[in-house]
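In: Need coordinates for the following:
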Amino acid sequence: MPQLPLTQYLQQASQGDRAAFDRLFGLVYDELQHLAQKVRSDRPAVQMSTVSLVHEAYAKLLPSQNLPWNDRLHFYRVAARAMRQVLVNAAQHQRRQKRGNGAIHVTLTHLNDRDVGTTSDQVLALHEGLSELEKMNERQARIVEYRVFCGFTIEETAKMLSVSEATIKRDWLAARAWLAVFLRL
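Out: Numbers count the residues shown, from 1 in each chain. Next up is the predicted model:
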């Protein structure tokens with residue numbers, strides 16, 4: 001069977017073709033795994049392997065397979081949200097399992113210009129802060145989500161949001177400042 005472009009698989013998936021969605025996942029699997037590795041690189045993000053993060057994000061994407069996918073970027077935006085949800089859910093689960101003892105560690109390198117070892121409570125606080133920031137400035141919240149939970153660079157984030165790198169840098173600084181106050185960092 002000839003390999004179709006990603007956008008055609010997205011269109012077929014929108015029309016309810018589960019096989020097209022599975023083939024789409026196969027095409028983007030390496031990229032999603034690369035994103036998950038960026039999130040986990042040199043820091044023990046939630047006690048979950050890169051493969052598990054990708055597969056659980058895929059499971060979160062399955063109910064969305066019939067969405068009217070606009071393009072490749074739209075798919076990656078939704079995938080980024082799924083990865084954030086997986087990490088937040090894992091942090092919530094870990095907190096329920098072991099209050100304090102054996103706390104998970106997530107390093108949010110992109111939030112500050114230094115490594116910040118965080119507990120599951122801090123991951124959940126960041127999630128809460130992003131939810132509040134989203135009410136005020138959705139783009140800034142997406143920037144933090146893409147950079148922190150998916151490990152996107154400034155350039156990749158600019159492409160995801162279809163804005164200039166200068167805009168991303170400016171919004172990134174503002175979002176970090178707001179979150180620092182919210183999180184009392």
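In: which secondary element of the protein has the worst mean pLDDT?
Out: strand 106-107 (a mean of 46; mean pLDDT, DSSP states H and E).
In: Check the spacing between the closest residue to Gln15 other than its chain neighbours and Gln12 real quick.
Out: Once flanking residues are discounted, Gln15 sits nearest to Asn66: 7.6 Å by CB to CB, 6 or more residues apart in numbering. (C-beta placed from N, C-alpha, C; glycine too.) According to CB to CB, to the nearest Å, Asn66 stands 11 Å off from Gln12.
In: Can you pick out the residue with more neighbours from those two?
Out: Gln12 (18 against 14; other CB atoms under 10 Å).
In: which one's the longest helix in the chain?
Out: helix 72-97 (DSSP state H).
In: What does Asn70 show for phi and psi?
Out: phi -80, psi -50 (degrees, to the nearest 10).
In: quick revisit: so the residue nearest to Gln15 lies in a helix, does it not?
Out: No - counting by DSSP: H, G, I helix; E, B strand; the rest coil, Asn66 is located in no helix; its state is coil.
In: Return the residues in contact with it.
Out: The contact partners of Asn66, taken as CB atoms under 8 Å, 6 or more residues apart in numbering, are Ala13, Ser14, Gln15, Gly16.
In: Can you tell me how far the most centrally placed residue in the chain is from Gln12?
Out: Of all residues in the chain, the one closest to the mean position by CA atoms, centre = their mean is Ala80, 3.2 Å from it. In this view, Ala80 and Gln12 are 22 Å apart by CB to CB.
In: if we can go back for a sec, tell me the pLDDT of the closest residue to the residue nearest to the centre of the chain other than its chain neighbours.
Out: Excluding the flanking residues, the one nearest Ala80 by CB to CB, 6+ apart is Cys150, at 4.5 Å. Per-residue pLDDT puts Cys150 at 76.
In: Okay, Cys150 and Asp30: tell me how far apart.
Out: 15 Å.
In: Look at the two and report which has more neighbours.
Out: Per other CB under 10 Å, whichever of Cys150 and Asp30 has more neighbours is Cys150, with 26 against 10.
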